[in-house]
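J.: Below is the structure, and that's it, no one-letter string:
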């Protein structure tokens, strides 16, 4: 079997851990597999390099920053290869450009456009373990690019596709994907399997085990991913196509995000194009909007122009900037005023099974109401329901929902 | 004018120093020059990386080690480029492979075999400063190589050749080439000019300002080198072809080396091939011999086979190994015994003018004799005379010779 193993920064934080990772790769090879190992920078190294760059300038050029940041993974694969050799194992390491990882020109968040892993194939055929620097590629000019935080996951999935690997193992410092954050809810349970779609919703909502883009990529090409602990033998969670073997629960996980803020424009004229003109301003400032809700306000006087309230959430660090932009927009489009709220939390239920269970939302709202938790925004998709609540109730809401949907036990919760 | 500026590790040891280096490059550009900057790793960085690698294995694979070591310069050029941008200057950095520095396959001590600086030319034409990572190149397989310690000098000279630069500036932490070590002799004087040949002899003898291979390369292509202080405006020393403008002194500098040991085989049969068989053994062990002296011993009995004493010097760290090898060789070739001496110093005079001055050796021996310093070995070349003396007299010998040849003042010392 051809296996891609990806180890994150905390799994290669020290020389001893790197030795452990090398042993793990060698074990897989000795079991008869072809093994390609993708490594992140040693924990703290990327931050050290970022700090160095920022001590030169607050606004580093993305191209030069990529040159600097790419060194972290370069050192990791070198040390890993040396550890393998010290154990008597044949190994060769490749930088992104040597591994044929071609990207577009977007430094700092480049996308893989092409893959030519000829050198990797040659070395695998020679019976060698191959180590590849994660997070990095090369653009058509021959300049180094990086794939953004979590980009090593993308490297691993891209290589899985290009090398037609049977399995992509993502080694991390947790032993799998949980129904919710075990630090918040002690009944949180590790899942054996989860679908790509569910994983994407869980990832984007705060379960930061894997980078969302890489899950999407894996889904598009059907790459099976095994998320597991780097220094434990326990089986982790398999991320794969939804299939009949999966648990039948409508809800798979509960997530909590406290890194957003809400902005509301009150009494916006309810005309075509108004929502677009609001969001255009936000998008132009490079701010990513998450939830968007528009509510018709009840106006008893039919002669008066129809008005609506328009709310959306943005990442907390962008809150001040967004409020500033909205003050201007509000004036322009004739809204009454802008109000903002930073003390919010978003609690979400995720599950592919939700599609076929009408009662999920009702049970969710009921469980939250039972704890006297008020909902200020609700947003639903096919496999997710999110509610914005007062931040102080965040953890309580997670526990209440975990209990209500009986996520601590696998199986088919009947609603 | 097209200028290559090379800055060593101590010149880019901190962010502030990197800013200073950036200012310097910008100044040169504002004076109307095209500027290519070659940088070493920040001081201590290469040692840190070496230590990391050695903490994995005492005997790291040269290819993997090169991957690790090459990151030092990669970070330097990134930070330098950011500093330039912070000063509002247009700049682009290139890794060795991007700068078209092709080498052979000898990892850790690769030689530049070809240069294709097309990308550098393009960027210079756009009015940009170009930063190039020193010390590194790429071999025909696309693997990273390093050029050995001091390899950034080689990068700078190679780029000077490939780009037909008018001047190659080597910025360092001394302000030029001195007649001798100022720490030993306070009358040491900075020279304005020195020939390639003299510089090579001075470099190999311990004046560690520039790597000897790069001086040789510069000589072969007539690249003018200006060695100067990175953080001072003072003019340094120009290394160039010997010409009529140069000082007429027969002796240009005095050097001292205390890192060698002497090995002597006593009463070696004086037959053809004996010297070769001794030195073959040493060479096979990878030990580099410096001075070699063979003396016919006076034997009053003509019937007895002719005997000779055979001495040579080796680097101090190779002394024990050499003695061990010679014990075996001595037995084989029928020498009487082997004696060694570690407490030696080699003091040398260097000067192109020596060729035309018969009295240099005589004045040298006389000056040493005046201080009661005994000579145990003498070796001469066209532009150098070296004497091995008792180590404790090393500094005294340097001062005595500096005085005797009046090196403290420029001009034509008549012997």
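T.: Done, it's in. Note that the structure is a prediction, hence the values are computed from the model and not measured.
J.: As a check, name the ranges of all strands in the stretch 1-150 of chain A.
T.: According to DSSP state E, counting those that start in this stretch, the stretch 1-150 of chain A carries its strands in the segments A:2-7, A:34-39, A:91-94, A:101-103, A:112-115, A:129-133, A:136-138, A:144-146.
J.: Regarding the residue in the stretch 251-400 of chain A that chain B sits nearest to, what is its secondary structure?
T.: Closest contact between the stretch 251-400 of chain A and chain B, by Cβ to the nearest Cβ, is at residue A:286 (20.0 Å). Quick note: C-beta positions are derived from backbone N, CA and C, even for glycine. Following DSSP: H, G, I helix; E, B strand; the rest coil, we place residue A:286 in the coil state.
J.: What is the burial count for it?
T.: 8 (other Cβ atoms under 10 Å in any protein chain shown).
J.: for residue A:50, same thing?
T.: Using other Cβ under 10 Å, the number of residues around residue A:50 comes to 15.
J.: Which of the strands of the stretch 1-150 of chain A has the lowest mean pLDDT?
T.: Looking at the strands of the stretch 1-150 of chain A, the lowest mean pLDDT belongs to strand A:112-115 (a mean of 93).
J.: Adjacent strands (with direction) for that one?
T.: Its sheet considered, strand A:112-115 pairs with strand A:101-103 (antiparallel) by DSSP bridges.
J.: Now residue A:222, what are its backbone angles?
T.: Here is the backbone geometry of residue A:222 (degrees, to the nearest 10): phi 70, psi 30.
J.: Do you know the pLDDT at the nearest residue to it once chain neighbours are set aside?
T.: Nearest residue to residue A:222 in three dimensions, chain neighbours excluded: residue A:241, at 6.5 Å (Cβ to Cβ, 6 or more residues apart in numbering or on different chains). Here the pLDDT value assigned to residue A:241 is 89.
J.: likewise residue A:386?
T.: pLDDT, residue A:386: 89.
J.: That one is in what secondary structure piece?
T.: In the assignment (DSSP states H and E), residue A:386 maps to strand A:384-390.
J.: Between strand A:384-390 and the helix or strand that comes right after that strand, find me the angle.
T.: Next in sequence after strand A:384-390, counting helices and strands by DSSP H and E, comes helix A:394-404. Using axes from the mean of the first three to the mean of the last three Cα atoms, to 10 degrees, the direction of helix A:394-404 lies 140 degrees away from that of strand A:384-390.
J.: Give the other helices and strands that helix A:394-404 contacts.
T.: Using 3 or more Cβ pairs under 8 Å, 6 or more residues apart in numbering or on different chains; DSSP states H and E, the elements in contact with helix A:394-404 are strand A:253-257, strand A:344-350, helix A:360-370.
J.: cutoff 10 Å now
T.: Judged by 3 or more Cβ pairs under 10 Å, 6 or more residues apart in numbering or on different chains; DSSP states H and E, helix A:394-404 is in contact with strand A:253-257, strand A:344-350, helix A:360-370, strand A:384-390.
J.: could these go into CSV alongside distance to chain B?
T.: Shown next, in CSV, are the helices and strands packed on helix A:394-404 (distance: least, Cβ to the nearest Cβ, whole Å):
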stretch, distance to chain B
strand A:253-257, 33
strand A:344-350, 37
helix A:360-370, 49
strand A:384-390, 40
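J.: Reformat the ones you listed as TSV; add mean neighbour count and distance to residue A:99.
T.: TSV is the format used below for the helices and strands packed on helix A:394-404 (neighbours: other Cβ atoms under 10 Å in any protein chain shown; distance: least, Cβ to Cβ, whole Å):
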stretch	mean neighbour count	distance to residue A:99
strand A:253-257	25	34
strand A:344-350	26	34
helix A:360-370	16	44
strand A:384-390	22	35
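J.: Residue B:172 is nearest to which of those?
T.: strand A:253-257 (53.8 Å; Cβ to Cβ).
J.: Return the distance of the closest one from the chain's centre.
T.: Mean-position distance between strand A:253-257 and its chain equals 13 Å (Cα atoms, centre = their mean, to the nearest Å).
J.: repeat for stretch A:324-342
T.: Distance of stretch A:324-342 from the chain centroid (Cα atoms, centre = their mean) equals 31 Å.
J.: which of the residues in that stretch are buried?
T.: By 16 or more other Cβ atoms under 10 Å in any protein chain shown, the buried positions in stretch A:324-342 come out as A:325, A:326, A:329, A:330, A:333, A:335, A:338, A:340, A:341.
J.: if we can go back for a sec, help me confirm that the residue of the stretch 251-400 of chain A closest to chain B comes into contact with residue A:318.
T.: Yes: the criterion here is Cβ atoms under 10 Å, and residue A:286 meets it with residue A:318 at 8.4 Å.
J.: returning to what we had before: now intersect the buried residues of stretch A:324-342 with the helices, please.
T.: Those of those mapping onto helices are A:325, A:326, A:329, A:330, A:333, per DSSP state H.
J.: of those residues, the lowest pLDDT goes to which?
T.: pLDDT across those is lowest for residue A:333, at 89.
J.: For that one, which non-adjacent residue is closest in space?
T.: Residue A:333's closest residue in space is residue A:274 (Cβ to Cβ, 6+ apart), at 5.8 Å.
J.: check contacts around the residue nearest to residue A:222.
T.: The contact partners of residue A:241, by Cβ atoms under 10 Å, 6 or more residues apart in numbering or on different chains, come to A:193, A:195, A:196, A:197, A:219, A:222, A:224.
J.: try it again with 8 Å
T.: A:195, A:196, A:219, A:222 (Cβ atoms under 8 Å, 6 or more residues apart in numbering or on different chains).
J.: Closest to residue B:160 out of the residues you listed?
T.: Checking the contacts of residue A:241 against residue B:160 with Cβ to Cβ, the nearest one is residue A:219 at 52.8 Å.
J.: Nice, that's everything, thank you.
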